[in-house]
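S.K.: Here's my sequence, what's the structure:
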Amino acid sequence: MYVIRTEARDKLREELKYNSVTTGIHYPIPLHLQPAYNYLGYKRGDFPITEECSKEILSLPMYAELGDEQIEEIVGLFKNHF
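M.R.: Next up, the predicted model:
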């Protein structure tokens, strides 16, 4: 995975999607808030940095077949966004 963090995650994700760039959001719900870990007794606010990060992380495309032209296109979209 190639993960970035930005406060404007959702807007950036929409812009990339509009330009046919697929992204992912891994762990949109922090692990300590996942139902499978309820037995540990953690609640919202116990890990505030983790919770903040879960709202800001975005996984970018990264795979062996990703060509230089595609990479340049994605970089250009980033430059325009930021």
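S.K.: All the strands of this protein, in order from the start?
M.R.: With DSSP state E as the criterion, the chain has strands at 2-5, 57-60.
S.K.: Check which helices and strands the first one sits against.
M.R.: It refers to strand 2-5. Under the contact definition 3 or more Cβ pairs under 8 Å, 6 or more residues apart in numbering; DSSP states H and E, strand 2-5 sits against strand 57-60. Yep, even glycine has a C-beta here, placed from its N, CA and C like the rest.
S.K.: CA atoms only for the strand it packs on - export them in CSV, please.
M.R.: What follows is strand 57-60, C-alpha atoms only, in CSV (Å, rounded to 0.1, in the frame of the first residue of the first chain):
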residue,chain,number,x,y,z
ILE,A,57,-5.6,8.3,5.3
LEU,A,58,-6.0,7.5,1.6
SER,A,59,-4.3,4.5,-0.2
LEU,A,60,-3.1,5.4,-3.7
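S.K.: which stretches of this protein form helices?
M.R.: 9-18, 48-54, 68-81 (DSSP state H).
S.K.: check contacts around the residue positioned nearest the centre of the chain.
M.R.: The residue lying closest to the centre of the chain (Cα atoms, centre = their mean) is Leu58, at 1.3 Å. Residues in contact with Leu58 (Cβ atoms under 8 Å, 6 or more residues apart in numbering) are Val3, Ile4, Arg5, Thr6, Arg9, Leu12, Arg13, Thr23, Gly24, Ile25.
S.K.: Tyr39 is in contact with His32, correct?
M.R.: No. His32 lies out of contact with Tyr39 (Cβ atoms under 8 Å); the separation is 11.3 Å.
S.K.: Give me the more crowded residue out of the two.
M.R.: His32 (16 against 7; other Cβ atoms under 10 Å).
S.K.: Against Asp10, how distant is the residue nearest to Glu7 when sequence neighbours are not counted?
M.R.: With sequence-adjacent residues excluded and distances taken as Cβ to Cβ, 6 or more residues apart in numbering, Glu7 is closest to Glu56, at 5.9 Å. The spacing between Glu56 and Asp10, counted by Cβ to Cβ, to the nearest Å, is 10 Å.
S.K.: same thing with Lys55?
M.R.: Using Cβ to Cβ, Lys55 is found at 9 Å from Asp10.
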